[in-house]
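Novice: 3D, please:
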Amino acid sequence: MYREQQGTGGAYLLLNATGKIGSQGSPDFNINVDAPLMHYSDLEANLQRDVAVLLPVKQSVAFMQELQSNSAWQQHVNGVLIDDTDPPNSYSTVGPFPLAEYAPYNDRDYVWNKAAGGNAYPSSTTWFPMPVYKLTRGRAIDAQQRAAYNAGQDPSGELYHASMKLTMTSYNSANSSDCITAGTCKPLGGYSVWSAIPPVPLDPRTDRRPIILVLAQIDSIDMFHDNVQGADAPLSGLIAMLGALSVLQSTLKTTGGAGSIYSRRVVFLALAGEPWGYMGSRRLLYEAYTGSNNTAGLDLSLIEKVVEIGQVGRLPAATSQTPTMELFAHSQQGAGFGDTTDIRTALTAAAQGESSAAEVSIQAASASNPGIPPSSLMSFLRYNRSIQGVVLAEFDTGFTNPYYASRSDNGSTINTKGIAAAAAVVAGALHRLAGGDPLQMKVNMTDLQNTVAGYVSCIAMPAPGFACPLATAIMVPEYIYNKATGERSYTPKHYIGVLQYIPPVQLPLSKSNMARFLWNVMAFDSSEGPQGASCDPYQNPCLAGQVCAGWRGNSDGRYMGQCLNSTVVYVPSYSTKLTCQNCEDFYGATWALSDAADTWNQQYNWPPDPVWAESDWPIGVPDLQLYLRESDKVQLAVLISGLLVTAVVTVASFTARTAFHKHHKSS
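Specialist: Just a heads-up that it's a prediction; the model follows:
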């Protein structure tokens with residue numbers, strides 16, 4: 001009679017500086033929220049009884065809008081179970097202009113995210129006053145059958161119920177400041193990764209080449225963190241960046257290295273936490289401003305050009321009308337903003353020259369756009385608006401991705417050929433802009449497409465995920481063990497997660513699979529010269545100026561890494577309003593609010609830092625059970641029967657005991 005879903009699927013409680021989003025169940029871990037199951041199609045406007053709603057994702061927007069204004073629903077909808085078995089043609093969990101307050105222009109009503117339409121209550125930024133779950137496919141099909149059964153029953157009769165445990169430790173907190181002070185939550189955070197071609201010397205002051213910065217984002221967002229995928233947005237751009245890096249590495253191996261032929265340094269930066277108020281780029285800029293060791297060699301004053309690779313995974317195939325795939329170059333127009341002619345010229349030349357086999361053309365984005373689309377470039381233009389910055393994307397006037405910022409943006413929706421084409425063009429343009437001879441670069445599209453397909457299988461697909469050969473050759477990936485099936489899951493997680501503590505930043509300890517994968521790939525593909533000695537980062541570290549890449553968690557010779565002449569660096573990503581005491585101690589680390597960055601935030605006119613945090617929760621959460629509950633009459637009858645049986649047994653026991661004592665005395 002019971003069907004259970006444990007350990008996954010909850011819309012967990014998140015808090016920021018002004019409030020909270022997500023959902024929670026009963027504050028008391030020992031009390032489950034329990035209500036009869038009812039399908040959304042059977043809901044009445046004037047709901048009179050408590051229910052748990054089985055909600056098809058296609059109707060979720062309509063439900064959200066009704067819930068905000070319907071007091072009966074607010075009172076009687078005790079839980080929501082999302083059914084994803086029949087996804088809509090278009091679905092997004094964020095608004096029409098995500099993070100509009102960070103834009104370097106005033107048109108904050110522009111619709112970039114067409115999938116959001118006029119949805120005024122995007123689910124990933126909304127607070128639900130009841131527990132909310134996303135059902136696994138098996139549980140969803142089961143729930144459909146149970147809700148259909150309930151629809152034909154008397155409400156006072158036998159019904160299938162949902163019993164929901166989603167206790168959040170921060171239930172009493174009004175905002176992230178409250179829960180951080182109380183110690184009931186952890187700040188959202190992770191690690192960005194950057195590498196440089198050529199590597200930065202031990203003393204960066206001896207080599208002050210201008211910097212071309214190549215950006216891509218790591219994370220996506222959804223109200224259900226367990227299910228974030230982000231294949232097109234942002235992973236297609238990240239994979240294209242890794243592909244471009246691999247092309248440059250192949251070219252530079254035959255030309256003597258970037259140090260001898262490049263007049264500019266090319267820095268590749270994968271940013272963590274961008275959906276959460278551009279957390280990664282904001283933190284990196286602040287650390288560079290304060291002279292942190294994590295940004296040594298990344299002198300902001302040397303950044304001349306920025307190329308951000310955005311959504312490129314859904315490039316439409318060429319047709320007779322458009323014989324090549326089209327990429328659009330977005331730049332910010334207006335007084336004081338950098339002239340991006342050089343970048344666009346290099347992209348076009350590469351598409352027509354050394355990367356012509358990619359069969360892609362570069363188009364200038366429409367002049368009617370208010371400016372650049374939502375992107376990390378916005379952060380760098382806030383620091384220095386004269387930077388020459390371009391966002392390369394598959395769209396012109398608005399996102400073509402119908403599943404932007406939703407769990408439906410999965411690996412099955414992306415086109416690896418298009419990602420490889422973007423990588424080829426970016427590599428050619430970077431080579432030109434850095435001072436390389438275009439004739440030295442030969443792009444083998446077959447090899448590049450295979451490389452891109454490998455990256456897709458590792459970081460954009462649930463299987464093999466980080467069990468892919470590329471990942472297992474350079475690291476020991478963590479996994480989730482399913483006790484019921486005995487299987488290990490290496491599915492990539494593209495929700496940033498939380499920072500419990502911060503051990504020595506440049507060691508692999510406490511880094512996610514994604515961060516370690518990026519660090520190792522970028523270390524190998526940005527290295528110069530031959531590989532050095534075998535190493536591990538703890539007992540047999542490399543010489544200064546080298547990094548230990550490919551270490552697989554053991555000092556046994558088979559698992560040792562290799563010392564490389566490479567610059568590859570982790571940078572923590574978390575709110576600029578937070579500080580951490582005893583931060584290298586897993587158990588002793590404590591987080592607190594700080595005003596140390598306030599002057600810097602004001603100097604560059606940053607919007608208020610949202611200070612995102614995630615509530616803690618007890619072991620055993622989340623838990624969801626679907627079960628058959630007898631009617632009140634049956635339960636009463638069972639209770640009375642039980643009482644009668646108890647009474648009869650008690651009387652019989654008393655009678656037998658009395659008879660025994662009489663017999664014993666007479667004997």
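
Novice: quick one: the helices in the stretch 251-400 of the chain?
Specialist: Using DSSP state H, counting those that start in this stretch, the helices found in the stretch 251-400 of the chain span residues 258-261, 279-290, 341-352, 377-383.

Novice: nearest to Y149, out of those?
Specialist: helix 279-290 (45.9 Å; CB to CB). All C-beta atoms are positioned from the backbone trio N, CA, C, and that covers glycine.

Novice: all strands for the stretch 351-500 of the chain, in order.
Specialist: Under the criterion DSSP state E, counting those that start in this stretch, the stretch 351-500 of the chain contains strands at 360-364, 388-393, 480-482, 487-489.

Novice: picking up where we left off before, nearest to Y191, out of the helices of the stretch 251-400 of the chain?
Specialist: Set against Y191 and scored by CB to CB, those come closest in helix 279-290, at 8.8 Å.

Novice: chain center to the closest one, what's the gap?
Specialist: The chain centre lies 19 Å from the centre of helix 279-290; the measure is CA atoms, centre = their mean, to the nearest Å.

Novice: next one: stretch 148-159
Specialist: 40 Å.

Novice: which residue is the nearest non-sequential neighbour of A473?
Specialist: Counting by CB to CB, 6 or more residues apart in numbering, A473 lies nearest to G550, which is 7.3 Å off, once chain neighbours are set aside.

Novice: hang on, that neighbour packs against Q562?
Specialist: Yes - contact criterion CB atoms under 8 Å: G550 and Q562 qualify, at 5.5 Å.

Novice: now the common contact residues for those two.
Specialist: In terms of CB atoms under 8 Å, 6 or more residues apart in numbering, G550 and Q562 are not both contacted by any residue.

Novice: the residue nearest to A473: what's it in contact with?
Specialist: 473-475, 520, 523-524, 561-562.

Novice: how about low-confidence regions in this protein?
Specialist: For the chain, the stretches flagged by pLDDT under 70 are 1, 631-656, 658-667.

Novice: and T567, how many neighbours?
Specialist: Neighbour count for T567, taken as other CB atoms under 10 Å: 27.

Novice: which residues pair with it across the strands?
Specialist: Counting by DSSP bridges, T567 forms beta bridges with A196.

Novice: now it: how far from A318?
Specialist: The gap separating T567 from A318 is 38 Å, by CB to CB, to the nearest Å.

Novice: same check on D34?
Specialist: Separation of D34 from A318 (CB to CB): 56 Å.

Novice: got a list of what T579 touches?
Specialist: 591-594, 596.

Novice: quick one on the thing from earlier: buried members of the contacts of G550 into PyMOL, please.
Specialist: The PyMOL command for the buried members of the contacts of G550 (criterion: 16 or more other CB atoms under 10 Å) is given here:
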select buried, resi 474+475+520+523+524+561+562
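
Novice: from the contacts of G550, which land in helices?
Specialist: Counted as lying in helices by DSSP state H, out of these, are 520, 523-524.

Novice: could you rank the contacts of T579 by neighbour count and give me the top one?
Specialist: Of all the contacts of T579, the most densely surrounded is W591 (25 neighbours; neighbours counted as other CB under 10 Å).

Novice: tell me the SS of it?
Specialist: The three-state label given to W591 by DSSP: H, G, I helix; E, B strand; the rest coil is strand.

Novice: hmm, P187 and it touching each other?
Specialist: Yes - with contacts counted by CB under 8 Å, W591 reaches P187, the gap being 5.7 Å.

Novice: number of residues surrounding the residue nearest to I414 when sequence neighbours are not counted?
Specialist: Leaving aside its sequence neighbours, I414 sits nearest to G313 (CB to CB, 6+ apart; 3.5 Å). Residues lying near G313 (other CB under 10 Å) number 28.

Novice: tell me where the stretch 501-650 of the chain has helices.
Specialist: Counting by DSSP H, counting those that start in this stretch, the helices of the stretch 501-650 of the chain are 513-525, 598-603, 632-666.

Novice: using CSV, write out every CA atom in the first one.
Specialist: This points to helix 513-525. The C-alpha trace of helix 513-525 is given here as CSV (Å, rounded to 0.1, in the frame of the first residue of the first chain):
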residue,chain,number,x,y,z
ASN,A,513,33.2,16.8,-9.3
MET,A,514,32.6,19.7,-11.7
ALA,A,515,35.2,22.0,-10.2
ARG,A,516,37.9,19.2,-10.1
PHE,A,517,37.1,18.1,-13.7
LEU,A,518,37.4,21.6,-15.0
TRP,A,519,40.6,22.3,-13.1
ASN,A,520,42.3,19.1,-14.4
VAL,A,521,41.1,19.6,-18.0
MET,A,522,42.2,23.2,-18.0
ALA,A,523,45.5,22.3,-16.4
PHE,A,524,46.4,19.9,-19.2
ASP,A,525,45.2,22.0,-22.1
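
Novice: packing partners for that helix?
Specialist: Judged by 3 or more CB pairs under 8 Å, 6 or more residues apart in numbering; DSSP states H and E, helix 513-525 is in contact with strand 190-197, helix 237-253, strand 265-271, helix 445-459, helix 469-472, strand 547-549, strand 567-573.

Novice: could you export those to TSV, including columns for distance to L347?
Specialist: Listed next are the helices and strands packed on helix 513-525 as TSV, based on distance: least, CB to CB, whole Å:
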stretch	distance to L347
strand 190-197	18
helix 237-253	12
strand 265-271	15
helix 445-459	17
helix 469-472	28
strand 547-549	30
strand 567-573	25
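
Novice: right, and those - which one's nearest I619?
Specialist: strand 190-197 (23.3 Å).

Novice: distance from the helix or strand just after the closest one to the middle of the chain?
Specialist: Sequence order places strand 211-217 as the next helix or strand after strand 190-197, per DSSP states H and E. Distance, stretch centre to chain centre, for strand 211-217: 19 Å (CA atoms, centre = their mean).

Novice: for the closest residue to L499 other than its chain neighbours, give me its contacts.
Specialist: Nearest residue to L499 in three dimensions, chain neighbours excluded: G189, at 3.5 Å (CB to CB, 6+ apart). Counting by CB under 8 Å, 6+ apart, G189 touches 272-273, 279, 496-499, 572-575.

Novice: can you check G257 too?
Specialist: 198, 528-529.

Novice: swap in T348?
Specialist: If you count contacts by CB under 8 Å, 6+ apart, T348 has them with 361-362.

Novice: same thing but 6 Å
Specialist: I362 (CB atoms under 6 Å, 6 or more residues apart in numbering).
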